[in-house]
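S.K.: Sequence and predicted structure, then a few things I'm wondering about:
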Amino acid sequence: MKHDLTLVTLSPEQIAKAKEANSTRKKITHALICGPHGQMFGTEAQCLKYWEAWNPHQKIEVSKGQCRAIFPDVFHRAVKTANYPISNFATTFDLVNILMDLQDGRKP
């Protein structure tokens with residue numbers, strides 16, 4: 001089942017919870033929610049670069065003349081929002097490897 005890739009602008013309350021869970025020394029303003037597979041927290045620039053790269057409508061050239069999305073079997077759309085309920089504010093350890101395993105048909 002495919003899920004949304006969601007870039008979230010965090011509220012001040014969410015920022016405080018994310019800093020408490022990850023590090024009060026980190027600059028956190030945004031979250032990238034990868035469906036039920038995990039999330040990461042950081043600045044808008046940090047999260048946006050992954051959101052743009054993993055967007056299922058963004059294609060990259062994998063061989064001469066052949067383009068495809070990075071995680072086409074994991075995400076069906078990429079959305080941005082400023083209103084998203086988050087219950088777990090810890091960054092998911094090894095998120096990229098989890099997504100690669102899902103894309104390759106392996107259970108993480």
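M.R.: Arrived safely, thanks for sending. Numbering: from 1, shown residues only.

S.K.: contact partners of the lowest-mean-pLDDT helix or strand in the chain?
M.R.: Here the helix or strand of the chain ranked lowest by mean pLDDT, DSSP states H and E is strand 60-63, holding a mean of 83. Where contact means C-beta atoms under 8 Å, 6 or more residues apart in numbering, the residues beyond strand 60-63 that reach it are 67, 68, 69, 70. Any C-beta I mention is one placed from the backbone N, CA and C, and that applies to glycine too.

S.K.: Which elements pack onto the helix or strand that it is followed by?
M.R.: Later in the chain than strand 60-63, the nearest helix or strand by DSSP states H and E is strand 66-68. Applying 3 or more C-beta pairs under 8 Å, 6 or more residues apart in numbering; DSSP states H and E, one finds that strand 66-68 makes contact with strand 60-63.

S.K.: and the most centrally placed residue in the chain, what are its bridge partners?
M.R.: Central residue of the chain (C-alpha atoms, centre = their mean): residue 32, 3.6 Å from the mean position. For residue 32, the beta-bridge partners under DSSP bridges are residue 7, residue 40.

S.K.: Now do the contacts for it.
M.R.: Neighbour list for residue 32: 5, 6, 7, 8, 39, 40, 41, 42, 47, 50, 51 [criterion: C-beta under 8 Å, 6+ apart].
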